[in-house]
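> generate a structure from the sequence data that follows.
(one chain, ligands or ions: 2)
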Amino acid sequence: EEGMAKARSLLEGLGLRPSESDCCRTQQVCRAVVSRAAALCAAGLSAILTYMCRSRELECLVVNVAVDGELYQGHLRFREILQSVTALLAPNCKVTFVPTSDGNGRGAAIVTAVALRLVAQRHEVDQVLAPLRLSRDDLKRVQGLMRREMDLGLGRETNPTASVRMLPTYVCNTPDGGEQGKFLALDLGGTNFRVLMVEVGADGIHMASEIYVIPTAVTQGTGEALFNHIVECIMDFQLKQDLAGQVLPLGFTFSFPCQQLGLDKAVLLTWTKGFSASDCVGKDVVQLLREAAQRKQNLGLKVVAVVNDTVGTMMSCGYDDPKCEIGLIVGTGTNACYMEEMHNVGTVEGEQGRMCINMEWGAFGDNGCLDDIFTEFDLVVDKKTINPGKQRFEKLISGMYLGEIVRHILLALVDKQLLFRGKPCPKLQTNDIFPTKFLSTIEIDGLGLRKVQGILEDLELQASFEDSTLVREVCQTVSKRAAQLCAAGLAAVVEKMRQNQGLDQLVVTVGVDGTLYKLHPCFSQHVQQTLKDLAPKCIVTFKQSEDGSGKGAALVAAVACR
Ligand code: ADP
Ligand code: MG
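Ligands and ions are numbered 1, 2, ... in the order given. The predicted model follows:
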């Protein structure tokens, strides 16, 4: 009614003399125009809301819409229609309209403030991550240091001072394809302990295997109990495979640093990767195994060879590819081996031929030569391990540690209010709660940030999109550094092999094993790219080994028997 009165006075102001029904019509026309405007506005807005809801994969979008403009503010009907039509067209969105005043002036100021905050935050994030980003010069230096340590490790007098042990393996030949027979193999020192039966024949290799759990109480108990347990597992396997009563040559993949005195004699130098069974360091592990077999009255064990898993990996790839003269592991730990000229191996008598050298490169840097690339995060992670100060190179590269490094960086970013709005994250304080496999998932190309949020939600972390992006960046930084360092080590190896042989160009294959290398979406790519850059005169092919530890141990035994 008020509107009717207003219509009359407006029309009269235009010099018209409207009737009752003229005023009514005028009012209807105004309503129709405004209704259409508000409904069209609602349609446009609903398109935005629905898109936001869908792209965020939400069932229900709860959102505020800031509105400015006199039409909206001053026209009750416009507001009502806008709101009700929006509710109809975007039923999954719970929208609250918030009127703003002077959006243009304040808004511009706020945009500027946000931009400045982001720049400042970016700067702070970069400061945190900068020490983890290695330059080409850094990597060249690591390569040079690795080369120096290799030379020291190979020299008879200098060996004790080298952080890279360069252990002789007494494996002097790679397979030639002529090996045959049935072998037992043990794989100890990885995530799983396995017993295998490997049949090497003219038509290839057939295997049967069984995984056995070694409880932490046993890996960290007495040596006697550990080796008793191993023999019990073998006996169980022999029963299951109908092998009882047969004496098969056995290859023992034992992936810990050993001073090898012969193919079947290996003195344990130190435990790594969480093992700490007592009374083993300084002893011949083959002897420990034989004694346990005696205690258990198992007469079917004939240990022919002890093999490091790197050697096993090289051998198993070498069965198919004669150019495979390097073995690399990037799994729980990291290590490498390669074929060295005997005249360079000062720690073993003899000048003729070649021998595979187990580098034990995980310990590279234990003498302090890498100290300047360790970050505060690496130091914290190292301190919490059971072997602080040891296996320094490994702790920058392998699966046992990358998740922990990421976790400590995330905690630091939260602490600096750069992540999760600085809210405390009690669950993230838990050791090992962020395993390295998370890096693989988070870094997969094209994986929606929703998935990243999902992983973080499991850790009771409410991650915004910015948070998820930052977490991904941290993971990428840590895994890239690991891959680049690994490549710097390899560059030293292939360059040495090239120089040994006096070649302008070396063509060689690396046999690789390890879940981190195999499953991480960019690790292998980064290794290969960086290696190409650091050792341009070497054409290096990478070949993933299938069960190098099992097959390789059997092949070493087979080559030895041949
Ligand atoms: P090992 O080195 O013990 O013989 P693996 O090669 O299987 O065994 O490596 C196991 C390690 O790989 C685990 O400790 C874990 O850190 C890491 N890992 C497991 N799954 C993944 C994954 N999806 N991506 C990256 N790393 C992984
Ligand atoms: Mg392994």
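> hmm, who's touching stretch 334-343?
154, 169, 174, 255, 308-311, 314, 325-329, 348, 350-362, 393-394, 397-398, 486, 489-490, 493, 497, 500, 514 (C-beta atoms under 8 Å, 6 or more residues apart in numbering). Every C-beta, even on glycine, is put in place using the N, C-alpha and C of the backbone.
> which one is N192 nearest to, not counting chain neighbours?
Using C-beta to C-beta, 6 or more residues apart in numbering and skipping the chain neighbours, the partner closest in space to N192 is I211 (4.7 Å).
> so the one you found is in contact with G190, correct?
No: if you go by C-beta atoms under 8 Å, I211 and G190 don't touch, sitting 10.2 Å apart.
> what separation do you get for the residue in the stretch 451-562 of the chain that ligand 1 sits nearest to and ligand 2?
When scored by C-beta to the nearest ligand atom, the stretch 451-562 of the chain has T515 as its residue closest to ligand 1, at 3.4 Å. To ligand 2, T515 is 8 Å away according to C-beta to the ion, to the nearest Å.
> all strands of the stretch 101-250 of the chain, in order?
Secondary structure of the stretch 101-250 of the chain (DSSP state E, counting those that start in this stretch): strands located at 167-168, 181-188, 193-201, 204-212, 248-254.
> what packs against the second one?
It refers to strand 181-188. strand 193-201, helix 223-240, strand 248-254, helix 548-561 (3 or more C-beta pairs under 8 Å, 6 or more residues apart in numbering; DSSP states H and E).
> what lines up beside it in the sheet?
Strand pairing for strand 181-188, determined by DSSP bridges: strand 193-201 (antiparallel), strand 248-254 (parallel).
> which element follows the last one toward the C-terminus?
In other words, strand 248-254. Once the chain leaves strand 248-254, the next helix or strand it forms, by DSSP states H and E, is strand 258-262.
> which residue packs closest to I539, ignoring adjacent ones?
I539 sits nearest to V507 (C-beta to C-beta, 6+ apart), 4.7 Å away.
> one more: S209?
Nearest to S209 is L196, by C-beta to C-beta, 6+ apart, at 4.0 Å.
> who in this protein is up against ligand 2?
G190, G331 (C-beta under 5 Å from the ion).
> domains in the chain, by residue range?
Recorded structural domains for the chain (assignment: automatic domain parsing) are 2-112, 163-320+548-561.
> got the contact list for stretch 395-408?
273-274, 330-334, 362, 373-374, 377-378, 380-382, 384-385, 394, 428, 431-439, 474-475, 478-479, 481-482, 485-486, 514-516.
> for it, buried residues please.
Buried residues in stretch 395-408, counted by 16 or more other C-beta atoms under 10 Å: 395-408.
> please apply the same query to stretch 134-151.
So, applying 16+ other C-beta under 10 Å, buried residues of stretch 134-151: L134, D138, L139, R141, V142, Q143, L145, M146, R147, E149, M150, D151.
> low-confidence ranges in this protein?
Applying pLDDT under 70 to the chain flags the ranges 103, 446-447.
> which residue does it have closest to ligand 2?
Residue of the chain nearest ligand 2, by C-beta to the ion: G190 (3.3 Å).
> what residues does the stretch 251-400 of the chain have near ligand 1?
Contact residues (C-beta under 6 Å from any ligand atom) of the stretch 251-400 of the chain with ligand 1: G331, T332, G399, M400.
> same thing but at 5 Å, please
Applying C-beta under 5 Å from any ligand atom, we find that the stretch 251-400 of the chain lies next to ligand 1 at G331, T332, G399.
> tell me how many other residues crowd the residue nearest to N192.
By the measure other C-beta atoms under 10 Å, the count of residues near I211 is 11.
> report the contact partners of it.
So I211 contacts N192, F193, R194 (C-beta under 8 Å, 6+ apart).
> for it, list each beta-bridge partner.
Going by DSSP bridges, I211 forms beta bridges with R194.
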